[in-house]
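Enquirer: Provided below for reference: sequence and predicted model.
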Amino acid sequence: MSQKLALVLALMLAAFVLETTMAGQTLPPVNRWIPQDAVIVLEVSKPTALLEVFTNDKATAAVTALPLYKEQASKPQFKEFLNIINFIEITLDTDWRTGLAKLTGDGITLAICPDNIMLAFIDAEDEYMLERLHEFFLNIARSEAEKQGQSDRVTSKEYDGVTVWTFDGEEAHAIIGKRLVFANRLEGLKAVLELRGGAKGTSLVSNPTYQAAKRTAEPDAVATVFTNLKPLMQLPQVAQLLEQQRENPLAALSFAGIAEAVRDSNWLALGLHIEDSTLVLRALVDGQMVAPTSPAAFALPNNPGEGVLPNLSVPRRIAALGFYRDLHQFYSLKDELFPERTSGLIFFENMMGIFFSGRDLTDEVLAETKPEIRFVVAEQKYDPTIGTPQIKLPAFGAILRLRHPVEFNEVVEEAWQKAVGLINFTRGQQALPGLIIDRPIHKKTKFTVAYFSTSGIHDKTSLDQRFNIRPALAMPGEYLILSSTDGLARNLIDALNQEMERSVEPLSGIHSSVEIDGGQLSSILEANRETLVRGDMIKKGSTQEEAETGISMLITLVNLVDNVKLSIGVHEGMTQANLEMKLSWE
Amino acid sequence: MYYTRRNFLRATLGASTLLSFNPVAPNFLIRSLMAAAPRSDDRDTVLVVVQLSGGNDGLNTVVPYGDDEYAKNRPTLCLPPKDLHKIDSLTGFHPRMGAFMRLYEEGHLSIVQGVGYPNSDRSHEGAMRIWHTADPDKPSRQTGWLGRTVDSIWDPNNTNAHAVFVGPITQPFGLNAENVIIPSIRSLHDLITNEMPGHLKRQSQWKRAAELPRDDRDNPLLHFLQRCASNVYANDRRIEAVTKTATNTAEYPPFQLAESLRMVAQLIRADIGIRIFFTELGGGGIGGFDNHANQLDNHCALLHQLSESVAAFIQDLKHEKLLDQVLLMTFSEFGRTLKENGRRGTGHGAAAPIFLAGGKLKSGLIGSHPNLTDLDNGALKFHIDFRRIYATILDRWLGFKSQIILDRQFEPLDILNV
Amino acid sequence: MVVKSEKMAGHNQSRRIHPAVAEKLTDPRWAWAAYQPDDQRPWNLALAGHLYRRAAFGASWYQLQQALSDGPQRTVDRLLRPRADTAAFNSVYDGYEASTAGSIDGLRAWWLRRIIQTPHPLLEKMTLFWHSHLAANSVKVKNPRLMLQHVQLLRNLALNSFRDMLQAISRDPAVLINLQVDTNRKALPNENLAKPLMEVFTLGSGHYTEKDIREAARAFTGWFVLKGQFRYIPREHDGNVKEILGQKGNFTGDDVIRIVLEQPATARMVVHKLYRWLICETEEPDMMLITPLVESFVKDYDILKLVETMLRSNLFFSPAAYRRRIKCPVEFALGIVKALEGMVSTTQLGQDLADLGQNLYHPPTVKGWTGGQHWINTTTLVGRHNLALALLRGSGPYADKLNPWAVAKKHGYSTFTAAMQFLLDLFLQGDLDPDVYDTVLKTVEAPANISSDDPEEILRSFAHMVVTLPEFHSA
């Protein structure tokens, strides 16, 4: 698609948003005009509610106050864009915000059909306004063509009593009452017109998969997405993605239950809800619960009341993850799951054999862990007397629950110290400094930390990457904490102590959960801004300015998200995902 | 520089005697002839090396079940004799190596037993370096034995690549050459020229532009580059012919090694001048054969992959009537200790068997099984120096002079039927 | 329809290099005298392109035009001693490199980017020369910081004194670790420095004996690398008398360097290698021809002076040098990037060049890259073809950073035919045999009735064809 056309389309979208009057004739619901083999259908039934989130005064103020916005706003292209918007505002006698809200007021629907056909339906509230705006764009397209010294490509033709327009000879669109129908190819529009003409039984409405998905939709949804998964999974990229999950042990472990559910499903339904400034996205697939005999069963809470434990809160937390995975079951299935023997796997087994003094990894080590596994990622606070690394990596912590903590504690401690000893021995062979082991006590929990000394280093402001790592092992109560820093280990001990006082319940039925804090994520990106900019320069070949703009954009966008929560579990026999995104305009 | 007679002929006569005596014959014409003419009459022999990274436990591969010492030293790893594929009253293949047993019975597989070298190195890096350089006395040797081989046959009149590494890991040092660039390929696409989409029509014209005779007759480089370009375009066609024809229906198991060997078979069929293929099982790094713990299942899986993949490869070549032209050799940096280590694994050892597969092999079992009571620091002692095998392959199979590659003449083994 | 004014490239015949003056080329005085254009040997685009290929990594259209109007000697002046602040530029890039926190892939990417952006490309060309002549491989050194220091050392002295270079390099931790000579005890002299020093870095085989190496190794005893730093440990030094290359004395390592530098064979080795790098690799230079350079070089080991003599010479601008080298992969890829005035992902490029046989920071052996015709075989030529495609196609790992049509229009060649001729001039200075030139142009017809987006795609394709012609692979 040419840039010119893209601009025209963007403006058209902007335009539907502008309109005032009452509806003329009543049109049938859009889904009766969509072919039944549509693969993905997005229906925004309440565009105004969505617009409210992004265009309210607070949001507008927040966006326009951004340095990035100011920078962009000073560029000539942006000014040109504003001019066009102004012009449209004058032509249609409204301001852009009201206009946008009114033009799309009755709904937006997008559909992707086989053979790369895309359809868009926009239900405005004023037929006359739509016509005027359309005229406006026709003129733009004509004058653009003239400027380029080309012949006019804007043409129109009658089909079924409807005038079908095209700007560039490829796309096709028509205005039918207060509805604008747009297709990226003429065939697409023709199909719509046929359905409109009453060819019954072939529209989306009569698709049983769509009907099933639609039944699960909640009435208060602002927008819904229906995805027909079967044709989607035929796509090589998607198939490859799912295949990867089968081959990579870590991916298999992390996405267990999810990939299986998707593979088994006919449809995916998404519902978008708005609660205050939080966007809540609920996803449902119809795939049956993973059978207990399936290799993926290790990821499923089997009994009522089982599931992931609530995420832990620590200072400067970037992300928290919770999983319900039976490692013992998973590992005993490895031969079945992964017939290839990778170097990494063998190395891991060899090392575990050494650390756990020949104990059987499956039955004598992993069997000691319970399925509730949690991870926490947090930004580090550096002690300037120790030193600050140049690249500031976040701290990572893993929290496992043990079956027999009293008996197993020393086994883990021994394994841990062997691992540190092995690292030190290997580094010593290469004439590199080693780790020093310390056993401090925090809130009555004695734990082990190993660290690199910085005492011989003069410039403590830009240390090597290795100083991001101060590996720690702590075992408060029935939990085992493996943390990349002692700072995070201490915070996790505090968090677990609090949790044990309150005796929290697992989130029943949930097998995976992720929580990300946007503010903290943007803070660590900001702390590494220079590294990111330089990385971008050599990875993309961008100039320093381009790289800086790109990274600023990323940090800004991340900062607009206050937090994101995703949880995936089984609900009434179907796999359900719940994504909540809270936006922050502060 | 050393030429075999065949190379010499190829270099001077090229694809067609008539054309190459005419220096101004258009290259595109030569190219068409090169692509069209089957060269099956003077097809060259091919070597395929399979590296088993990590140190393969020879004792659980070709198992000396008839010796009581074996079971005595391996309380958990000992393979029950009833499950083995018995070769003779002493030895048998690992239970999951049924495919190798079949190859052995068909005469397409030989086992050279007790292969190693004096004062064996027990570190992965050191030992692997020795197998790669073929020079145990000089740890700082800069080139690999196959790299030196390719350097020794370099000839500007033959622009084909003579050796490639096929696989997803870093190219092993055995292919490190002083002069020649040896490519690593992950798929056949790495060997075919791509064009911008939608410009197919112009391609033939452009190739013609590359091949038109040049005025600057004195510049040998332009001629050299033109010749190589013609060769590239001819190879494109040969490879495409191989990948596009549906005649080959060979089935390979779903393993990485099998995929690599399938590619090797396709390239042998394409006949684009590659004499040496190098591929790997075990996955780079230290390698999957390094079983210090929980050896039984892990080792079993690898041996299964090895024997099934190689058997599929041999079957494919046999079906294509190319087997007589191909010799496959496995090697690993060392064997493992006789005694297991308390973690249901084994330590780094020394001598081990290597496998040869192909259509021109003599006798199945070469050399005796090393003595299980006469050990060197817990590991088996060698009685066949691995450089004798290298030398035999270089001299008698590939037709190159091993002496200039290995710096001295090693006594050849009577293992080939040529 | 608006007709744009058409700027046409000149006919290619005028771009062709002048005929040989064979009889004079063997006369050293004439060969090394500075080239002054005349009617028989006019200064033209072909020679400007030649100079920029050898003394830099290719040229942009501006640079070619500037060179045309400045003439050869002033252009050589600028290449040898650019007016821009090279030191300031390099210190910014040293900062970038230091911040890669020890990633060798990062170092490789920054070096390539430095080569593309530097105001002093000849310095990088010579750094690359020394990186091959005094080769250290990161896989052996296993310490990216030492590799960083190593290449910075090569750069600092690349156009300086070879004497200083040799002294610095013989104590460079990266070189010593690479040669496995990080310990050299009195009781067990380690020959791993002495041997390559004589065989590869200086004299060449045939100019020393095994005994010279053994004795020199004794002189180097006491030289260690500990914790990544060079250390001299006096108690490990063998203080007895040694006999090296006919001289007797209580020699140290520095004496060995002094002694090898006194040998004309050392100067001959460097002149010879540089001749291959800058002038011609198809024929070995006649001994008589290079004698004046050797005699001068052995006196002061001034690299800049030697390079200057070569670049200014009649020989350099003669047919005996023209297209008588094969581009190394770095020259091939950057020739495209420089001409199209773009900047691409150098992380990706570093990897792709490694696949073509030139993995920066990883020369294959202590002898560096042999290069020449060895760069080319069917698989590497396929690799070059596909790399050029990736760079030019406008999508994929290199994104749309290079755009031949945009560059042509920028320089005023805004019709389709003019743009094609421009690209032939830009990449090959139009220097093709007439029927090749015509065939190339005829392969593409100006798009008459397709939309305005198409010339860009066709010119990408056309540029790809031009840079895969045999002429573009030669330097």
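Expert: Everything's here; your move. Residues are numbered from 1 along each chain as shown, chains lettered A, B, ... in the order given.
Enquirer: Now the stretch 301-450 of chain C against chain B: closest residue?
Expert: C:G357 (3.3 Å; C-beta to the nearest C-beta). C-beta here means a position set from N, CA and C on the backbone, and glycine is covered the same way.
Enquirer: Name the residue of the stretch 51-200 of chain B that lies nearest to chain C.
Expert: Going by C-beta to the nearest C-beta, chain C is nearest to B:I181 of the stretch 51-200 of chain B, at 3.3 Å.
Enquirer: any idea of the pLDDT on that residue?
Expert: B:I181 carries a pLDDT score of 97 in this model.
Enquirer: With the flanking residues excluded, which residue is spatially nearest to it?
Expert: In space, and not counting its chain neighbours, B:I181 is closest to C:G357: 3.3 Å by C-beta to C-beta, 6 or more residues apart in numbering or on different chains.
Enquirer: is it true that that neighbour touches C:W375?
Expert: Yes: between C:G357 and C:W375 there is a contact under C-beta atoms under 8 Å: 6.3 Å.
Enquirer: shared neighbours of the two, which are they?
Expert: Shared contacts of C:G357 and C:W375, defined by C-beta atoms under 8 Å, 6 or more residues apart in numbering or on different chains, are found at B:I181, C:P329.
Enquirer: burial of residue 67, as a residue count?
Expert: Reading this off chain A. Using other C-beta atoms under 10 Å in any protein chain shown, A:P67 has 9 other residues around it.
Enquirer: Switch to chain C, please.
Expert: Other residues near C:A67 number 23, with proximity taken as other C-beta under 10 Å.
Enquirer: which secondary structure element contains it?
Expert: Per DSSP states H and E: C:A67 is located in helix C:61-70.
Enquirer: what's downstream of the longest helix seen in chain A, the next helix or strand?
Expert: Counting by DSSP state H, the longest helix found in chain A is helix A:405-429. Sequence-wise, the next helix or strand downstream of helix A:405-429 (DSSP H and E) is strand A:436-438.
Enquirer: Now do the same for that next one: mean pLDDT, whole number.
Expert: Rounded mean pLDDT across strand A:436-438 is 96.
Enquirer: got it, and stretch C:443-450?
Expert: Here the average pLDDT along stretch C:443-450 is 61.
Enquirer: Please name the nearest non-neighbouring residue to B:L281.
Expert: Spatial nearest neighbour of B:L281, excluding adjacent residues (C-beta to C-beta, 6+ apart): B:L257 at 4.6 Å.
Enquirer: which residues sit in contact with residue 221?
Expert: With no chain named, the answer covers chain A. A:A221 neighbours (C-beta under 8 Å, 6+ apart): A:S45, A:G271, A:L272, A:H273.
Enquirer: nope, chain B please
Expert: C:T282, C:R323, C:R324, C:R325, C:I326, C:Q373, C:S474.
Enquirer: does it sit in a helix, a strand or a coil?
Expert: Reducing the assignment at B:L221 to three states with DSSP: H, G, I helix; E, B strand; the rest coil gives helix.
Enquirer: Same check on C:L423?
Expert: helix.
Enquirer: Look up how far C:V271 lies from it.
Expert: 37 Å (C-beta to C-beta, to the nearest Å).
Enquirer: quick one, what contacts the residue lying closest to C:T439 once chain neighbours are set aside?
Expert: Spatially, and ignoring its direct neighbours in sequence, C:T439 is nearest to B:A209 (4.6 Å; C-beta to C-beta, 6+ apart). By C-beta under 8 Å, 6+ apart, the contact list for B:A209 reads C:V436, C:T439, C:V440, C:T443, C:M465, C:L469.
Enquirer: hmm, 7 Å instead?
Expert: C:V436, C:T439, C:V440, C:T443, C:L469 (C-beta atoms under 7 Å, 6 or more residues apart in numbering or on different chains).
Enquirer: rewinding a little: what about the residue nearest to B:L281, how many neighbours?
Expert: Residues near B:L257, counting by other C-beta under 10 Å: 27.
Enquirer: for the chain, which spans come out with low pLDDT?
Expert: In the absence of a named chain, this looks at chain A. Chain A contains residues with pLDDT under 70 at A:1-26, A:148-152, A:199-201, A:245-246, A:288-293, A:586.
Enquirer: um, chain C though
Expert: Where chain C drops to pLDDT under 70, the residues are C:1-23, C:101, C:445-453.
Enquirer: Can you name the residues that contact the residue nearest the centre of it?
Expert: Nearest residue to the geometric centre of chain C (C-alpha atoms, centre = their mean): C:K125, 3.7 Å. Neighbouring residues of C:K125 by C-beta under 7 Å, 6+ apart: C:A55, C:A56, C:F57.
Enquirer: re earlier: which stretch of helix or strand covers the residue of the stretch 51-200 of chain B closest to chain C?
Expert: Per DSSP H and E, there is no helix or strand for B:I181.
Enquirer: again with C:G394
Expert: Short version, using DSSP H and E: C:G394 is in no helix or strand.
Enquirer: nearest residue to it other than its sequence neighbours?
Expert: Nearest residue to C:G394, sequence neighbours excluded (C-beta to C-beta, 6+ apart): C:D400, at 4.3 Å.
Enquirer: quick one: whichever helix or strand C:A48 is part of to helix C:61-70, angle?
Expert: Using DSSP H and E, C:A48 falls within helix C:45-55. Orientation check (axes from the mean of the first three to the mean of the last three C-alpha atoms, to 10 degrees): helix C:45-55 against helix C:61-70 gives 110 degrees.
Enquirer: Noted, bye for now.
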